[in-house]
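J.: With the sequence up front, the predicted model follows.
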2 protein chains.
Amino acid sequence: MKVSAIITLKKDVLDPQGKVIHQALDGMGFENISEVRQGKYFEIDVNENDPNKAKAVVEEMCKKLLANLVIENFKIIETQ
Amino acid sequence: MKVSAIITLKKDVLDPQGKVIHQALDGMGFENISEVRQGKYFEIDVNENDPNKAKAVVEEMCKKLLANLVIENFKIIETQ
């Protein structure tokens, strides 16, 4: 089954990339925005039918490789 | 309100970055994976209280700047 992981910078960590996107959107006429933050998204197809086990595997992956827990948070979402 | 946009490569588009992550995970002992695909994630704080209007604004942003519709799909998610 497919499990998705969303990795975002922690609240207090500066996000210069998001800031640049914010400025670009502003310049295009989207002036109604107060903040843009960019994150990463992974869709992982695990050979595992139990949703809980699949999520546990992806959580392990986030902790060990995908996310930098010092500055990032992660969230696991069941996709299929 | 906060609206999130998830941008993923279309199914038929090769994802070399995802492939490398797959190999890295494989090398770390996660051998139970059949595919990894990487996408982008944006969390946009729009000054707009109507969820539908906020989503429509973010959809417009995806079409005009954030996503390359030739090779990418996008999905809008309400966060708060």
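T.: That came through, no problem.
J.: and A:Pro51, how many neighbours?
T.: Close neighbours of A:Pro51, defined as other C-beta atoms under 10 Å in any protein chain shown, add up to 13. Quick note: C-beta positions are derived from backbone N, CA and C, even for glycine.
J.: Roughly how far does it sit from chain B?
T.: From A:Pro51 across to chain B, the span is 14 Å (C-beta to the nearest C-beta, to the nearest Å).
J.: Let me see the contact set for that residue.
T.: Counting by C-beta atoms under 8 Å, 6 or more residues apart in numbering or on different chains, A:Pro51 makes contact with A:1, A:3, A:78.
J.: what about the helices in chain A?
T.: With DSSP state H, the ranges of helices along chain A come out as A:16-27, A:51-61.
J.: got those as a markdown table, with distance to B:Phe74 and mean pLDDT columns?
T.: What follows is the helices of chain A, written out as a markdown table (distance: least, C-beta to C-beta, whole Å; pLDDT from 0 to 100):
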| stretch | distance to B:Phe74 | mean pLDDT |
| --- | --- | --- |
| helix A:16-27 | 14 | 96 |
| helix A:51-61 | 22 | 95 |
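J.: Would you point to the one among the ones you listed that's packed deepest?
T.: Mean neighbour count (mean count of other C-beta atoms under 10 Å in any protein chain shown) peaks for helix A:51-61 among the helices of chain A, with a mean of 18.
J.: what is the orientation angle of it with helix B:16-27?
T.: Going by axes from the mean of the first three to the mean of the last three C-alpha atoms, to 10 degrees, helix A:51-61 is angled at 100 degrees with respect to helix B:16-27.
J.: could I have helix A:51-61 exported to PDB, CA atoms only?
T.: These are the backbone C-alpha positions of helix A:51-61, laid out as PDB (Å, rounded to 0.1, in the frame of the first residue of the first chain):
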ATOM      1  CA  PRO A  51      -2.000   0.000   7.200                       C
ATOM      2  CA  ASN A  52      -0.600   0.300  10.700                       C
ATOM      3  CA  LYS A  53       2.500  -1.700   9.900                       C
ATOM      4  CA  ALA A  54       3.100   0.200   6.600                       C
ATOM      5  CA  LYS A  55       2.800   3.500   8.500                       C
ATOM      6  CA  ALA A  56       5.200   2.200  11.100                       C
ATOM      7  CA  VAL A  57       7.800   1.300   8.400                       C
ATOM      8  CA  VAL A  58       7.500   4.800   6.900                       C
ATOM      9  CA  GLU A  59       7.800   6.400  10.300                       C
ATOM     10  CA  GLU A  60      11.100   4.500  10.800                       C
ATOM     11  CA  MET A  61      12.300   5.700   7.300                       C
END
